[in-house]
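J.: What follows is a predicted protein model with its sequence.
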Amino acid sequence: MPELPEVETVRRGLEPVLGGARLSRVRANRPDLRFPLPDGFVQRLTGARILRLDRRAKYLLAPLDRGDTLVMHLGMTGRFEIAAPPSASGAGPIRAGDFARAVTPDDKHAHVVFETEASNGKEGAVVTYYDPRRFGFMDLIATDQVDRHPWFATMGPEPLGDGFDARTLVAAFSGRKQGPKTLLLDQKTVAGLGNIYVCEALHRAGISPFKPAGMIAGKRLGPLTTAIKDVLAEAVEVGGSSLKDFAAADGALGYFQHRFRVYDREGQPCPTPGCKGVIAREVQAGRSTFFCPVCQV
C-alpha cells in the first residue's frame, strides 16, 4: 500500500498538469473500481475546472469549480500516467518528477482517463489511471462536506503540518497500554502514517515499537515527532519508497528504500553508530515490524 510520501509524490507530479486545468473529456472504461463510481461521474467532471490538487493522509483531493471535490485513493496498485495528447507535437510521456525505471502500463488496466484543455500557453494533457487489482477508488463529494465525510471526519493531524507536534503524541499515548507503533498507525492519532515509515521513525528515535506507549517519557516524544517529520520529508524528496507495485505519477519507482535503516533489513547490523545490535523482525497486528532490540528501548 502506498504511504504518505508516495501519495505526496504523486500529488506533486500531477499538480502541474491538473492544478487549474479544465477537464475537456473524461472517460470511465468500467463502472467501478474498488467501489462503484458515483452516479454521473463522467458528466459531473466533464467541463469542470480542477482548482488545485491537495492531499489528505493517503487521499488525493481535487476541488472543482462546480462545488464538488474529486477524491482519489490509489489502493495497492493504482497509478497515474501523464502523456501529451495525440495532437501535440512530439507527443510522449510527460515526466512529472525525477524518477527512473519507468514501468510500461497495460491498456487493459486503464480504467479512468482525464483529458485537459490547452490554456494560457500550456498544452493539454491526458492523465490515465491504471489499477490492475482495482483496490483504488474515486468519488465525488460536496467540497463543503469533505471534512465531515466518514473517510476524513475522525482523522488526526497531518504529520508534516504544524498541527502535529509532541503534544499530539503526549495526548495520544497517555495511559495507553498499546505499543507506539500501533497508535501511530491509527489514523485518529496522526493521518497518513504507514508501516514502513513508523518502523523507520521509531528506530531513529530509539524507541521500542512494543513498549506500552503510556510508559514512554514525555521528553522522548519531541524527538519522535521530529523523526517522523524527517523520515517523511526525506522520502518525499526522493520520490517515496516503492517496493513492489506502487509507481510514481510519471510511471516510475521511488528510491527511498535504499535509505531504510530497519525496514526489510532483518539480520543485518543496526546502522546506529556504536550499536552492536542486529535488525530483527516480529509480526505485530498482522504486519512486519522491523527494529533493533538493542538500541530501541
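T.: Done, it's in. Numbers count the residues shown, from 1 in each chain.

J.: Please count neighbours and contacts with C-alpha atoms only from this point.
T.: Will do.

J.: who touches stretch 57-75?
T.: With contacts defined as Cα atoms under 8 Å, 6 or more residues apart in numbering, stretch 57-75 is touched by 1-4, 7, 11, 48-55, 131, 134-144, 146, 158, 191-193.

J.: These, buried ones only, as a ChimeraX selection?
T.: Listed next is the ChimeraX selection for buried residues among the contacts of stretch 57-75, using 16 or more other Cα atoms under 10 Å:
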select :1,2,3,4,7,11,48,49,50,51,52,53,54,55,131,134,135,136,137,138,139,140,141,143,146,158,191,192,193
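
J.: Now go through the contacts of stretch 57-75 and say which are in helices.
T.: 4, 7, 11 (DSSP state H).

J.: give me every residue that touches the second one.
T.: Listed by Cα under 8 Å, 6+ apart, the contact set of residue 7 reads 55, 58, 59, 60.

J.: again, 6 Å this time
T.: Going by Cα atoms under 6 Å, 6 or more residues apart in numbering, residue 7 touches residue 58.

J.: Which pLDDT value goes with it?
T.: pLDDT for residue 7: 89.

J.: before we move on, what about the one 5 residues further on?
T.: pLDDT for residue 12: 88.

J.: Please apply the same query to residue 249.
T.: Here the pLDDT value assigned to residue 249 is 55.

J.: Could you shift the numbering so residue one becomes 10, and keep it that way?
T.: In the new count, where the first residue is 10, that last one comes out as residue 258.

J.: which residues of the stretch 110-259 of the chain fall in helices?
T.: For the stretch 110-259 of the chain, the helices defined by DSSP state H, counting those that start in this stretch cover 175-182, 189-194, 204-214, 230-246.

J.: Now do the same contact list for residue 55.
T.: Contact analysis of residue 55 by Cα under 6 Å, 6+ apart lists 32, 33, 34, 35.

J.: Revised request: answer the last question for residue 47.
T.: Applying Cα under 6 Å, 6+ apart, the residues near residue 47 are residue 148.

J.: What of residue 239?
T.: Counting by Cα under 6 Å, 6+ apart, residue 239 has no contacts.
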